[in-house]
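Peer 1: With the input below, show me the fold.
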Amino acid sequence: MRVLLVDDHRLFLEGLHNLLNAQGIDVAGLANDGLDALAAARRLRPDVILMDIQMPRCDGVTATRLIKAEMPACKIVMLTISEDEQDLFEAVRSGACGYLLKRLDAAELFTYLDDLQAGHPPFSPGLAHKLLAEFARQRDAHVPAAASPPPDNTGLSPRQVQILTLVAQGLTYHEVGQAIGIAERTVKYHMGEILAQLHLQNRAQVIAFAAQMGLTRPEHDAD
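Peer 2: Below is the predicted model of the structure:
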């Protein structure tokens, strides 16, 4: 099992790296935010990603959505301090297959990783129950389940959805191009197509549209 670690707290990241190495787990690489995670995942092709949520430039939930769109077989587990139910639901909806709280100890983490390898989604105590309760609530209300992706009714290509998501996160066209490996002029071309197709006029409208479609998430203080 090759693991990519993603967290913006360097001391925690290095400590986790050392902990996993001591257990004989192959740490393929480290990343400090969602954009670094996307680039590292493309380069390293890890089996598992342990992903923080709140990070600069691109948060873990958005990064999860982008990585899963390109690498659906990659297993992404959120490793966070956030117990916020909305973070949990959005992470699962974006493709995360597990959600662990950072207060767990080393033995628990290793057990959860063993469970993951055996095909059992790892969730900290009580969180799986919250998911089941949410599924039941949404089923009874006849609305899409929390694990369902945002409706694909925009007519945009997967590449355009990637670009729209990153621009809505506040990245410049140059940064978007670097993140997804295309030229800045290509990003500008795609954005022109996106604006015309969606009848949007400016970045503020792009951000509002992306939030409405569930492509971005509100800022939280915790993580």
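
Peer 1: Show me how this structure divides into domains.
Peer 2: Domains of the chain are assigned by automatic domain parsing as 2-141, 158-212.

Peer 1: Excluding chain neighbours, what is closest to Lys197?
Peer 2: One correction, residue 197 is Gln, not Lys. Spatially, and ignoring its direct neighbours in sequence, Gln197 is nearest to Gly155 (6.1 Å; C-beta to C-beta, 6 or more residues apart in numbering). (Each C-beta comes from the backbone N, C-alpha and C, glycine too.)

Peer 1: which of the domains of the chain sits most buried?
Peer 2: domain 2-141 (a mean of 18; mean count of other C-beta atoms under 10 Å).

Peer 1: what is the rounded mean pLDDT of that one?
Peer 2: Domain 2-141 shows a mean pLDDT of 90.

Peer 1: which residue is nearest the centroid of the chain?
Peer 2: What sits nearest the mean C-alpha location of the chain, by C-alpha atoms, centre = their mean, is Thr64, with 2.2 Å.

Peer 1: got the contact list for that one?
Peer 2: Residues near Thr64 by C-beta atoms under 8 Å, 6 or more residues apart in numbering: Ile49, Met51, Ile76, Met78, Ala91, Ser94, Gly95, Ala96.

Peer 1: Let me see the backbone angles for the first one.
Peer 2: I take that to be Ile49. phi -120, psi 130 (degrees, to the nearest 10).

Peer 1: and it, what is it in contact with?
Peer 2: Val3, Leu4, Leu5, Val6, Ala37, Ala41, Thr64, Ile67, Cys74, Lys75, Ile76, Val77.

Peer 1: and with 10 Å instead?
Peer 2: Listed by C-beta atoms under 10 Å, 6 or more residues apart in numbering, the contact set of Ile49 reads 2-6, 28-29, 31, 37, 40-41, 60, 63-64, 67-68, 71, 74-79, 96.

Peer 1: which residue ranges form the helices in the protein?
Peer 2: Remark: helices assigned in the chain by DSSP state H are 10-22, 34-44, 60-70, 85-93, 106-117, 127-141, 158-168, 173-180, 184-198, 203-212.

Peer 1: Output those as TSV; include the columns distance to Leu100.
Peer 2: Formatted as TSV, the helices of the chain follow (distance: least, C-beta to C-beta, whole Å):
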stretch	distance to Leu100
helix 10-22	11
helix 34-44	17
helix 60-70	12
helix 85-93	11
helix 106-117	6
helix 127-141	9
helix 158-168	25
helix 173-180	26
helix 184-198	35
helix 203-212	27
